[in-house]
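Visitor: here is a sequence with its predicted model. Questions after.
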Amino acid sequence: MLIESRPCSDPELAALVSAQQRELREANRPLASVGGSFPTRDDVSYLVGVVSGRAVACGAIRSIDRSTAEIARMYVRPAYRQRGLGRQLLDALEELAYQAGHSVLRLETGTYLPSAIALYRSSGYTEIPVYGEHVGNPLSACFGKRILISA
């Protein structure tokens with residue numbers, strides 16, 4: 001998989017984010033009426049995974065402060081799952097955060113996404129208290145990881 005940085009205005013990125021949000025709404029029927037539009041943001045660094053010329057995966061890093069970044073928008077199209085693409089994308093996002101000088105990563109996922117939780121745990125993430133806009137959502141699970149920054 002080729003992993004490329006893409007601007008928030010990229011139409012393939014927008015299609016991936018839309019597919020992700022549609023799938024999450026379908027998987028999480030009790031909260032399906034929550035939300036609506038999930039636009040990309042220009043204060044976020046996006047990566048897109050490309051296989052045979054097709055954008056099939058995406059993820060993002062959002063800086064929280066000098067030391068902390070949040071991983072968001074992790075998504076792999078269903079037909080491309082179970083091939084290690086999510087792990088490749090997660091590794092690339094961690095490298096992007098490292099290059100930006102972050103030493104702590106955090107993320108939120110749904111408790112109803114066991115594959116995502118397994119990926120994060122097997123990549124060294126540990127469960128942390130629910131944070132920010134996710135506080136009070138019983139379907140949110142949050143994870144964190146410290147990455148080493150060399151001097």
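Guide: Perfect, I can see it now. In this text the structure is predicted, and so the values were computed from the model without any measurement. Residues are numbered from 1 along each chain as shown.
Visitor: what about this structure, any weak spots by pLDDT?
Guide: Per-residue confidence of the chain (counting by pLDDT under 70) places the weak regions at 29-42, 149-151.
Visitor: would you map the strands across it?
Guide: Along the chain, counting by DSSP state E, strands occupy 2-6, 45-51, 54-63, 68-76, 104-110, 126-128, 140-146.
Visitor: okay, buried residues for the longest helix along the chain please.
Guide: As assigned by DSSP state H, the longest helix anywhere in the chain is helix 11-27. Buried residues in helix 11-27, counting neighbours by 16 or more other C-beta atoms under 10 Å, are found at Leu13, Ala14, Leu16, Val17, Gln20, Gln21, Leu24, Arg25. Quick note: C-beta positions are derived from backbone N, CA and C, even for glycine.
Visitor: ok, Leu119 - how many residues close by?
Guide: By other C-beta atoms under 10 Å, the residues close to Leu119 number 19.
Visitor: nearest to Tyr120, out of the strands of the chain?
Guide: If you check each of these against Tyr120 by C-beta to C-beta, strand 140-146 wins as the nearest, at 4.8 Å.
Visitor: quick one: strands adjacent to the closest one?
Guide: Strands that pair with strand 140-146, judged by DSSP bridges, come out as strand 104-110 (antiparallel), strand 126-128 (antiparallel).
Visitor: including distance to Val135 and mean neighbour count, could these go into JSON lines?
Guide: Output for those, formatted as JSON lines (distance: least, C-beta to C-beta, whole Å; neighbours: other C-beta atoms under 10 Å):
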{"stretch": "strand 104-110", "distance to Val135": "10", "mean neighbour count": "20"}
{"stretch": "strand 126-128", "distance to Val135": "12", "mean neighbour count": "12"}
